[in-house]
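> I need the structure of the sequence given here:
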Amino acid sequence: MWNQGTVGPRDRLRALRTTPWADTRDNYPAAVALSIDDLVTINGQSELAGRIILWHGEPGVGKTSAIRSLMHEWRDR
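Predicted coordinates for the structure are as follows:
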């Protein structure tokens, strides 16, 4: 991540707290959880690898938390 500071662009790394999907899954309706279950299994060899995922929904429904859990699952792939 970089930003334009008063001196110029600078790198800034921040730790992001993530939670395993298994610990987050029960916070979502069954249909949503099943869809994210499918995403969790994607790896670099999947035909879905490299595609764009569009998340949509009302504010506060858990999009960011689900994305962070997905990042946690994908971190070592």
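
> contacts, neighbours, all on C-alpha from now
Fine.

> ok, residue 36 - contacts?
Shown in contact with residue 36 (C-alpha atoms under 8 Å, 6 or more residues apart in numbering): residue 70.

> looking at this, residue 56 is in a strand?
No. If the criterion is DSSP: H, G, I helix; E, B strand; the rest coil, then residue 56 is coil and not within a strand.

> list the contacts for the residue nearest to it when sequence neighbours are not counted?
Nearest non-adjacent residue to residue 56, counting by C-alpha to C-alpha, 6 or more residues apart in numbering: residue 63, 7.5 Å away. Contacts for residue 63 (C-alpha under 8 Å, 6+ apart) come out as 55, 56, 57.

> how about the helices in this protein?
Ranges of helices in the chain, per DSSP state H, are 21-24, 30-40, 63-74.

> looking at those, which is closest to residue 12?
Among these, helix 63-74 comes nearest to residue 12, with 19.0 Å by C-alpha to C-alpha.

> tell me the buried residues in the closest one?
65, 66, 67, 68, 69, 70, 71, 72, 73 (16 or more other C-alpha atoms under 10 Å).

> nearest to residue 26, of these?
residue 66 (11.1 Å).

> surely the closest one meets residue 22?
No. With contact defined as C-alpha atoms under 8 Å, residue 66 does not reach residue 22; the gap is 10.9 Å.

> what number of residues lie near residue 37?
15 (other C-alpha atoms under 10 Å).

> outside of stretch 65-77 itself, list whatever touches it.
17, 18, 19, 20, 21, 24, 36, 39, 40, 43, 44.

> which ones are touching the first one?
Under the criterion of C-alpha under 8 Å, 6+ apart, the contact list for residue 17 reads residue 68.
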